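Asker: My questions are about this predicted structure, shown below with the sequence.
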Amino acid sequence: MNKIKVMTVFGTRPEAIKMAPLALELSRRPEFEALCCVTAQHREMLDSVLNIFGLRPHYDLNIMEPRQTLSTITSKCLNGMDCVLEEAKPDLVLVHGDTSTTFAGALAAFYHKIPVGHVEAGLRTYDKWSPFPEEMNRKMVGTIADLHFCPTVTNRDNLARENITKGVFLTGNTVIDALQTTVIKDFSFTEKTLNCLDYVNRKVVLVTCHRRENYGQPMTNIMTALRRLADSFPDTDLVYPVHLSPVVQEAAHKYLNGHPRIHLIAPLAVDEMHNLMARCHLVMTDSGGLQEEAPALGKPVLVLRRETERPEAVQAGTVRLAGVEEEIIFQMAAQLLSDQVEYDKMAHAVNPYGDGKACRRITDAIAWHFHASETPPEEFSGR
Ligand code: UD1
Ligand code: UDP
């Protein structure tokens, strides 16, 4: 039997974290020839993930530039993918989520008349400007894709509203598969700051912030609220691994540098990040991935955005939308840092996003689609 040639394409840190377990699962299965192409829209932050998972890409477009624009990323990915697809001729291209790499990877495959599978399909805010440009990226990929791997029922319903009902599979999110391999009870951090923190007697707040729509005033508001929190709660440490984007670096260092209880550190390797999350008290973030991981670890999350495409954990009560206004962010965090009852209401583990078997379901679905298996994949049963 001819093997099904499946190429995973990704470029940024979150795509890598969520695609690495899938790429590894594909390479373990005899039905597939697994190929991996990275655009390297991120360089250092991507390489860190590849190292942790021991994944060696077959193709590396190495496109990253300092302060790259959306057009540059998209055009460099498209041009680079042309040669790769011409040479490799995969039977299926798998892209993930909503980045510029995701969109360009799907478009390049379409131009080469190669079927596309969309991992983490069906997330929507219905606001094309927020998150920007991600909402539009995932809608455009949803239009191009032949196979849609939805983490949740909500995501599948979103696609159904757009009349996308064929080739749709309910799988759970591969991020939970990744999380199950990284969190370890006696983990020892290589980042020195993290080994020195007192996670038992003090409150450690994990912060990340990087979204393009938060650049400018929203980011200033967020940073100011964080500094006020550090000033007001002497029993609290804020740990902020700062994204390598120069815009984010400038804002974080301008507003938060030099405070004895604010620890600005380099981006963490994913295993360090997951183990920090497992030990922290509270998460404040505009990240998509953290909104999925922290609830699974029983950590309350305040989302530093006006909306979220991940309503499941909000409904479950472990995530709250804090917005991007200084006073509201400060008040919502202050309440959780001072009111144990309010904190306990949020601090329970929920797993609406997956059960650690998403990669198996996705590979089963691909095998079934290509007639290499007679059984359809089982569905993820969470909501
Ligand atoms: C990108 C994605 C966003 C995702 C985020 C995850 C797009 C449009 N945006 O945003 O959806 O949430 O990744 O982190 O696809 N940089 C480095 N080294 C790195 C990574 C980034 O120096 O390893 C710097 C570079 O100067 C780069 C800049 O960060 O130009 C911005 O990177 P870019 O991928 O354009 O945007 P992100 O904000 O990271
Ligand atoms: N992450 C990491 N190190 C960090 C910050 C984040 O490994 O210093 C991980 C995090 O656990 C999650 C993913 O990166 O799995 C989220 O990436 P990011 O916030 O950059 O992007 P988003 O999810 O918002 O697209």
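Answerer: The structure has been received and is ready for your questions. Numbering: from 1, shown residues only. Ligands and ions are numbered 1, 2, ... in the order given.

Asker: Please enumerate the strands of this protein.
Answerer: 4-10, 32-38, 59-60, 92-96, 116-119, 147-150, 168-170, 203-208, 236-241, 262-265, 282-285, 301-303, 319-321 (DSSP state E).

Asker: Now render these as a markdown table, adding distance to ligand 1 and mean neighbour count.
Answerer: Where you see a C-beta, it was placed from the backbone N, CA and C, and this is true even at glycine. Putting these into a markdown table (distance: least, CB to the nearest ligand atom, whole Å; neighbours: other CB atoms under 10 Å) gives the following:
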| stretch | distance to ligand 1 | mean neighbour count |
| --- | --- | --- |
| strand 4-10 | 11 | 26 |
| strand 32-38 | 12 | 23 |
| strand 59-60 | 13 | 19 |
| strand 92-96 | 11 | 28 |
| strand 116-119 | 15 | 26 |
| strand 147-150 | 18 | 26 |
| strand 168-170 | 23 | 22 |
| strand 203-208 | 9 | 23 |
| strand 236-241 | 11 | 21 |
| strand 262-265 | 15 | 19 |
| strand 282-285 | 11 | 25 |
| strand 301-303 | 14 | 25 |
| strand 319-321 | 17 | 21 |
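
Asker: May I see these arranged in a markdown table, with mean pLDDT and distance to residue 222 as well?
Answerer: Output for the strands of the chain, formatted as a markdown table (pLDDT from 0 to 100; distance: least, CB to CB, whole Å):
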| stretch | mean pLDDT | distance to residue 222 |
| --- | --- | --- |
| strand 4-10 | 98 | 28 |
| strand 32-38 | 98 | 30 |
| strand 59-60 | 98 | 34 |
| strand 92-96 | 99 | 27 |
| strand 116-119 | 98 | 29 |
| strand 147-150 | 98 | 30 |
| strand 168-170 | 98 | 34 |
| strand 203-208 | 98 | 9 |
| strand 236-241 | 98 | 11 |
| strand 262-265 | 98 | 13 |
| strand 282-285 | 98 | 8 |
| strand 301-303 | 98 | 10 |
| strand 319-321 | 98 | 13 |
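
Asker: May I see those arranged in TSV, with distance to ligand 2 as well?
Answerer: Output for those, formatted as TSV (distance: least, CB to the nearest ligand atom, whole Å):
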stretch	distance to ligand 2
strand 4-10	12
strand 32-38	16
strand 59-60	20
strand 92-96	10
strand 116-119	13
strand 147-150	17
strand 168-170	21
strand 203-208	5
strand 236-241	3
strand 262-265	8
strand 282-285	7
strand 301-303	11
strand 319-321	14
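
Asker: Switch these over to CSV; also include distance to residue 75.
Answerer: Shown next, in CSV, are those (distance: least, CB to CB, whole Å):
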stretch, distance to residue 75
strand 4-10, 16
strand 32-38, 17
strand 59-60, 18
strand 92-96, 17
strand 116-119, 19
strand 147-150, 26
strand 168-170, 31
strand 203-208, 29
strand 236-241, 30
strand 262-265, 33
strand 282-285, 30
strand 301-303, 32
strand 319-321, 35
